[in-house]
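Enquirer: Dropping the sequence and predicted coords here.
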4 protein chains.
Amino acid sequence: MPDRAAVFAMPAATLRTAVAGVTGYAGAELARLLLGHPRLRQTPPVFLTRTSAELDGTTMSLTGLHPQLSGLPNADASRVSLFAGKPDFAQLELQGIEVLFTATPHEQAREWVPEALGHGIRVIDLSAAWRLRHEENRAIYKLTDADTALASALQGEAVYGSPELHGAAIAHARLVANPGCYATSIILALAPLLRANLVDLNVGIVADAKSGVSGAGKTPSANTHFMYAADNLSAYAVFGHRHTGELLEQLHLTAGQMQFTPHLLPIPRGILSTIYVRLNEPSSQIDLQNCFYDFYAAAPMVRVRPSPMLPQIQHVVRTGFCDIGFQLGPDAKRLVIVSCLDNLLKGASSQAVQNMNLMAGWHEAEGLV
Amino acid sequence: MPDRAAVFAMPAATLRTAVAGVTGYAGAELARLLLGHPRLRQTPPVFLTRTSAELDGTTMSLTGLHPQLSGLPNADASRVSLFAGKPDFAQLELQGIEVLFTATPHEQAREWVPEALGHGIRVIDLSAAWRLRHEENRAIYKLTDADTALASALQGEAVYGSPELHGAAIAHARLVANPGCYATSIILALAPLLRANLVDLNVGIVADAKSGVSGAGKTPSANTHFMYAADNLSAYAVFGHRHTGELLEQLHLTAGQMQFTPHLLPIPRGILSTIYVRLNEPSSQIDLQNCFYDFYAAAPMVRVRPSPMLPQIQHVVRTGFCDIGFQLGPDAKRLVIVSCLDNLLKGASSQAVQNMNLMAGWHEAEGLV
Amino acid sequence: MPDRAAVFAMPAATLRTAVAGVTGYAGAELARLLLGHPRLRQTPPVFLTRTSAELDGTTMSLTGLHPQLSGLPNADASRVSLFAGKPDFAQLELQGIEVLFTATPHEQAREWVPEALGHGIRVIDLSAAWRLRHEENRAIYKLTDADTALASALQGEAVYGSPELHGAAIAHARLVANPGCYATSIILALAPLLRANLVDLNVGIVADAKSGVSGAGKTPSANTHFMYAADNLSAYAVFGHRHTGELLEQLHLTAGQMQFTPHLLPIPRGILSTIYVRLNEPSSQIDLQNCFYDFYAAAPMVRVRPSPMLPQIQHVVRTGFCDIGFQLGPDAKRLVIVSCLDNLLKGASSQAVQNMNLMAGWHEAEGLV
Amino acid sequence: MPDRAAVFAMPAATLRTAVAGVTGYAGAELARLLLGHPRLRQTPPVFLTRTSAELDGTTMSLTGLHPQLSGLPNADASRVSLFAGKPDFAQLELQGIEVLFTATPHEQAREWVPEALGHGIRVIDLSAAWRLRHEENRAIYKLTDADTALASALQGEAVYGSPELHGAAIAHARLVANPGCYATSIILALAPLLRANLVDLNVGIVADAKSGVSGAGKTPSANTHFMYAADNLSAYAVFGHRHTGELLEQLHLTAGQMQFTPHLLPIPRGILSTIYVRLNEPSSQIDLQNCFYDFYAAAPMVRVRPSPMLPQIQHVVRTGFCDIGFQLGPDAKRLVIVSCLDNLLKGASSQAVQNMNLMAGWHEAEGLV
């Protein structure tokens, strides 16, 4: 029997990709990145999006949906195929699609992914459908109906799509669960310290995170109304945000060890997380810096800033980078870490492209810098 | 027969007011102004708002609806009565309501006002229902169903609620049609010049107006989504904005003489209109200034700025003022006028309070400065 | 000998006030509040501001400086007296000034206040000059040159101008040190819990605070440039913000017990502080709520929100309120408190007016609601 | 003698470029575009910037100056050479620099360009130094001191760097005067109509333009302070903006035929111009559309939108496109044209790269889409 994973990981001259779900903000950014990706100029992605029954089987122009993409390579010629129900995976297999991005509600992704894999199509899922190993963490997403035996079996195979943490596994994965935006920002800030056992977990970690409005999605609602979000700041989902499970699983923490509070920032894009930890032992700025530098030495999309320089949202917006900086307190034990990224890019679409690059055997940052 | 108007115009120690429609932005501002009005502290307004059938007859707290009002005089004790269908005008009459503010969709205002007047209640309508004398200008509001013979008869009695233009008539009016926000900004900028016959109407007038997002109302929609409005500017309703009729009627212009283009500004509140005219004859800065100064000599809520100082939105936001300034071109004939106001205040609620003050015989600016 | 304090505290029909330093944002808001104060309409404040030597002794119009104030009662008639050096306190005494607001750099306030008091003028100082009892906390302000023996003696007499904490002392004070904006927001959120000994101080308190740009003052700088502040968020002064001393002194904490990190929000005004504490013993929502309600039962300018409702900046901007809310964690010990205020009002000018009201024996909220 | 221009225009595998003036917003964007340009990855640009005497001859890191560029190809290795006085053009010639971008104040560009050309270096000047053919239009820039005979001679040779209007001349030019941001937006909207003689110039053209704050430059000032620009809109330089000369020269208009009013928008980047014209003869939507389509048929960086779709700033920000749309009035003669671009890109740096592409014989849009 051939080694399926080895085949998957072979560098390809190009790659046939499809995007299911292209109407939202992350979908639009994904389309922009894939259309501009140097390896995909000859094979632009296939776009699909779900629609009502009466439009099933029709198409619309990609640039009619997202006029800002007009003029980019292949953009004006791209059509979006509309389907009611679910994508026609057999057809996608016939078209030779190798990697499918799902930028859809998690219920749909949970249901569709097993079928896509069954047709030999690798999947990068941008929803939360496959991120969580433990059923109690998945509960908040109400995925139980889709939790067939097959889904449960596949869950074990899903790789959490953080290239900096799981790059090797991603390269060979059939199913990559692209991380949440807040989760990426906090995990990347803490992983180096936690892996080195530097953090006093008895005191607990506070992650005070702030996100731009695009994180709330495109559907108009009271809280995404300009009049609500502008000139405002508000905390929400205190003690109950859905990304908490990702934080705990990826950082190997218990619920009592991590306090995560998200806030809605009056800006379109960007997340800044301010993270408070106490160290087990007094440390020094240089040692901490080396801890971060070493951990991210081979990570082209993480920029560790030399203390006391701190990241700010402006430096990362419209880029695929996650910036990390820190300051150590005068007692050499209290530590503030600041982490920034663009929630639609490193927090969603560019991280998905990073994962695609790894899966295709290309340089991780290709098409992103 | 007693002189009804004379009775209406008698200065009152206080006034019994009601507000129908208090959920929107203008309704909230109106509530704030009335609760804080020095003459109404002993008789806070009665609040009503339309609701679904199952909530008919119940009440809710005003500060539950608008938490920002909590702590203001009488605010926390105020209840909002919910009704399906239409207000109980007989009950309002029994409560001694003298002035009713309607801050509702124009269809409702068109239907309700005749009944309110029938109960001896004067009305200040913040919708467009009664602003337009000519049926062809009203057409855009699709009010025909409500255009009963009674409504047509009452239309002639309605006074356009611009205190600076029609103050005397407002004082005695039973029905005041509170002006539109864009309309107020442009009419106040042009009225002094047009009344003095200074403007070359063959060339035509250009009014390029820009409004904050609150002008689009509270219902979430694609265009009021933060992600659409923020960091953006867009023109809309070119050649077809609904306030055009008010401009033409109040300024006595024909459609071809006025070009009005609204834009959506990425700010919560405020309108700035930049207005371009050519004068019939060369003029001077001092003569034009005097034209404005004289016209607004007795208008406490209009601030004429000395040229070349120009108004800016920041100076008027959260105030009841309309600011007007201008610059004359080197040819002494081309003229740029800039006019600013807060669309929720001078463009809606504070202008309504100004009208109430006039109707009650109080100082026009009471409760507004 | 007459009881000076008793005289000070006698309710006055009016009050003669002066404001030294009226060019900044807090000065403008103070001018607006005082001009609109119902008790001061007959005796508008005297305005002074420091200037260069060549303008010494001249005056300028208040509304030339702040055009947004034009049209308010007494505003257009108000002149600002310009002085080089220091105010002429003898002249102020002759004018019968009873209360002087100093909205100036702290170095000036430290130097001037003793002289003002010497002329029998009570002072409300909006700078940090007199807020800190302990010299090591004052060090960050570099006030040593002005630290004469007289100043040191007066320091003990200065009352920290938090009406909710020190109302009785403020009423009789000669010198009120108006609190810092961040400090007000955090102190009011924590004082009820700390006074009740509910907080586990071994774990420490995290106060993650976010402020609008007006907090950075009016002088143009790289960090107040629109291009820096807009669409951005950044942490600053980590482990070293100047308000830390106020927090520690007022809350009776040691440096290691309080972690305070300020951030620059892309909005003009408003502070939101998210505060993380662990309780000594498990508690309940209702007990915590009562703790806050009881503490602020007589405080008209603090609005405690019922959990799980949380304050947001929009509810307090352009008001004199501080809003406080909280959520208790599932372990009944971890607690998140959110506190909001307008940094120019409750964080500066309206709190100063609140203090003036107390000093004059008026209702604390007069002129503020 | 060899044909210098022909040599210049020969397609090159790569190009040696230098950028003088890299500290401002346009400089940073230019650096980003050039570092990412596919043809320049092997030959990253040389960066120079003016400094004080004591730093003359030193270097600093590009990403220290602009941290947002870190991680881009060649960025972290790039040094910026600091010079007092003027660049060492002989040295640049020795380094083989073929094209120099000057992103400096216009006084410096006026002085330096002749010398650069003398060293055989072609120049793309982003300042206004060389844009204006007529001395009376240049007067506003106060360039007289630098107006040597040599400069006057070179002025005739300068090509206005609008690729859509002067592409052929740009390809062979030694000196390209990169257009102003407002000017680009208005010229591209009007050129098709004016060249076709469709516009009634007796009535005159109104161009009401609105720009984000980056257009005002990086130096902190009262008007670029966040507190001035945010939540505000203001008109400025009415009848006197410096770009007026470019408009008149490029569109062959007299001063009386064009009314241009700029406004400061509360957003970082982007210009929207609303332009009002009256046509000589009644026209149709389809004819006007064809007029624009034909004119820009070969222009990859102009996107003509089908009427009634109108451009908006959001569609062009962070792109090199200029979007143009229009609506024709019911009289078939009044016409509103809307034009949008990113002032730092199509209004500055990406237009400069477009010009570089033409000068190098590459595809005009290379590195820009």
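Expert: Yep, that arrived. Numbers count the residues shown, from 1 in each chain, chains lettered A, B, ... in the order given.
Enquirer: The stretch 151-300 of chain A against chain C: which residues are in contact?
Expert: Remark: the part of the stretch 151-300 of chain A in contact with chain C comprises A:203-204, A:206, A:208, A:210, A:228, A:231-236, A:238-239, A:255-256, A:259, A:261, A:263, A:265-270, A:272, A:274, A:276, A:278, using Cβ under 8 Å from any Cβ of the partner chain. In short, each C-beta sits where N, CA and C put it, glycine included.
Enquirer: give me the subset of those residues touching chain B.
Expert: Filtering these for neighbours of chain B using Cβ under 8 Å from any Cβ leaves A:Tyr228, A:Asp231, A:Pro266, A:Ile267, A:Pro268.
Enquirer: you'd agree the second one is up against C:Gln312?
Expert: No. Under the contact definition of Cβ atoms under 8 Å, A:Asp231 does not touch C:Gln312, with a separation of 10.4 Å.
Enquirer: Inside helices: which ones of the residues of the stretch 151-300 of chain A next to chain C?
Expert: A:Tyr228 (DSSP state H).
Enquirer: Going through the residues of the stretch 151-300 of chain A next to chain C, which ones are buried?
Expert: A:203-204, A:206, A:208, A:210, A:228, A:231-235, A:238-239, A:255, A:259, A:261, A:263, A:265-270, A:272, A:274, A:276, A:278 (16 or more other Cβ atoms under 10 Å in any protein chain shown).
Enquirer: Mind naming the longest helix for chain A?
Expert: Max-length helix for chain A by DSSP H is helix A:181-195.
Enquirer: can you tell if that one touches chain B?
Expert: No. Contact between helix A:181-195 and chain B is absent, the nearest approach being 14.7 Å (criterion: Cβ under 8 Å from any Cβ).
Enquirer: Just the closest residue of chain A to chain B, please.
Expert: Nearest residue of chain A to chain B: A:Pro220, at 3.7 Å (Cβ to the nearest Cβ).
Enquirer: my read: that residue touches B:Phe226, true?
Expert: No. The pair A:Pro220 / B:Phe226 is not scored as a contact, 9.5 Å apart, by Cβ under 8 Å.
Enquirer: These two: which is more packed in?
Expert: Per other Cβ atoms under 10 Å in any protein chain shown, whichever of A:Pro220 and B:Phe226 has more neighbours is B:Phe226, with 27 against 18.
Enquirer: A:Lys232 touches C:Cys340, doesn't it?
Expert: Actually, residue A:232 is Asn rather than Lys. No. Using Cβ under 8 Å, A:Asn232 is not in contact with C:Cys340; the gap is 9.8 Å.
Enquirer: Show me whatever sits in contact with both of the two.
Expert: With contacts defined as Cβ atoms under 8 Å, 6 or more residues apart in numbering or on different chains, the residues shared by A:Asn232 and C:Cys340 are C:Gly270, C:Gln312, C:Ile313.
Enquirer: Distance check, A:Ser307 against B:Asp56.
Expert: 62 Å (Cβ to Cβ, to the nearest Å).
Enquirer: Between those two, which is the more surrounded one?
Expert: Each of A:Ser307 and B:Asp56 has its neighbours counted (other Cβ under 10 Å); A:Ser307 has more, 18 against 13.
Enquirer: Now A:Ser350: closest residue in space that isn't a chain neighbour?
Expert: A:Gly320 (3.4 Å; Cβ to Cβ, 6 or more residues apart in numbering or on different chains).
Enquirer: How about the contacts made by that neighbour?
Expert: By Cβ under 8 Å, 6+ apart, the neighbours of A:Gly320 are A:Met301, A:Asp342, A:Leu345, A:Lys346, A:Ser350, A:Gln351, A:Val353, A:Gln354, A:Ala365, A:Leu368, A:Val369.
Enquirer: Any of those residues buried? List them.
Expert: Neighbour counting with 16+ other Cβ under 10 Å marks A:Met301, A:Asp342, A:Leu345, A:Lys346, A:Ser350, A:Gln351, A:Val353, A:Gln354, A:Ala365, A:Leu368, A:Val369 as buried within those.
Enquirer: from these, which has minimum pLDDT?
Expert: The member of those with the lowest pLDDT is A:Val369, at 93.
Enquirer: Surely that one is in contact with D:Leu69?
Expert: No. With contact defined as Cβ under 8 Å, A:Val369 does not count as touching D:Leu69 (10.1 Å).
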